[in-house]
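[1] Next one to model:
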Amino acid sequence: MKILSIGKTLHYNGLDITSIDTSTLSEHHDIEQYDYVIINGGDGTIRRVLKQLHGLGTLPTFILNPTGSFNVVAKIHRAPKIGDVLEMLAGGESPKTQKHHLFKMNDELFLFSAGNMGDLQHIFLSETLRFGWLKHGILKYVLAVIFLFPVHLIMTPFMLMSKTRFFIFTPLRFIRKFGSFYGEVQEIDIDLDNDYNMIELDGDIVNVKGRHLKIQKAGNVRVVTRA
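    Purely as a prediction, here's the structure:
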């Protein structure tokens with residue numbers, strides 16, 4: 001059994017673990033030889049890693065070691081502690097896994113969230129607050145919610161009616177569609193006002209060139225879970 005750890009050096013007796021930095025992933029061309037890939041980081045790190053690996057013939061099973069502020073993907077799958085997973089693997093046990101569906105917006109990959117509504121404003125302000133004692137933890141996100149609450153209260157109804165605004169949040173898939181909010185992704189086409197647009201993807205802010213957005217399913221990966 002071969003394991004790749006991305007973003008953190010890990011060792012465990014009885015396991016063959018190769019550790020690399022996230023920035024060197026593009027130079028690692030033999031991902032398919034690994035049985036498991038550990039992603040150390042938050043939702044944005046998971047998205048960026050999977051974007052680089054998406055399209056390979058066969059992807060290994062992913063183990064999440066959440067170290068971000070929200071870790072939504074890890075919460076969705078009730079990701080077990082990394083030590084517990086490594087102990088199982090060292091003992092010859094196979095951990096339980098679940099599928100996680102992936103989505104594409106033009107050339108960008110995302111896992112659960114995309115939009116240019118209040119989510120974009122919230123992430124932008126939260127990242128502005130990412131310094132000093134606010135750098136780590138969720139307090140910066142809480143403060144951003146408080147600061148933006150009056151704006152969201154007034155603007156959200158208008159944005160929900162707009163054809164150029166959208167927010168996708170798949171953990172709320174029981175709400176299939178409400179105005180420009182989507183809890184489920186089948187195939188969505190959106191035309192924007194400008195040729196260059198800032199879009200929030202899984203807590204990252206990306207610049208997208210072009211007015212037309214095509215959003216669709218992009219397969220799935222297997223993630224270790226304790227459920």
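
[2] thinking Phe112 is in contact with Leu172, fair?
    No - Phe112 is beyond contact range of Leu172, at 9.7 Å (criterion: Cβ atoms under 8 Å). The C-beta positions use only the backbone N, C-alpha and C, and glycine is treated the same way.

[3] Settle it for me: which of these two has more neighbours?
    For the pair Phe112 and Leu172, the greater number of neighbours falls to Phe112 (24 against 14), based on other Cβ atoms under 10 Å.

[4] in the lengthiest strand in the chain, what counts as buried?
    For the chain, the longest strand by residue count, based on DSSP state E, is strand 212-224. Of the residues in strand 212-224, Leu213, Ile215, Ala218, Val221, Val223, Val224 count as buried by neighbour count, 16 or more other Cβ atoms under 10 Å.

[5] check contacts around the first one.
    Contacts for Leu213 (Cβ atoms under 8 Å, 6 or more residues apart in numbering) come out as Met105, Asn106, Phe166, Ile188, Asp189, Ile190, Asp191, Leu192, Ile199.

[6] from those residues, which single one is nearest Ile3?
    Met105 (30.8 Å; Cβ to Cβ).

[7] For the closest one, give me its contacts.
    So Met105 contacts Ala114, Ile199, Leu201, Val208, Leu213, Lys214, Ile215 (Cβ under 8 Å, 6+ apart).

[8] This protein: helices as residue ranges?
    43-53, 72-76, 82-90, 118-128, 139-160 (DSSP state H).

[9] and this structure, what are its domains?
    For the chain, automatic domain parsing gives the domain ranges 2-101, 113-219.

[10] Let's have the ones you listed in TSV, adding mean pLDDT.
    Formatted as TSV, these follow (pLDDT from 0 to 100):
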stretch	mean pLDDT
domain 2-101	93
domain 113-219	94
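
[11] can you tell me how far the closest residue to Tyr182 other than its chain neighbours sits from Val206?
    Nearest residue to Tyr182, sequence neighbours excluded (Cβ to Cβ, 6 or more residues apart in numbering): Ile168, at 4.6 Å. Counting by Cβ to Cβ, to the nearest Å, the separation of Ile168 from Val206 is 14 Å.
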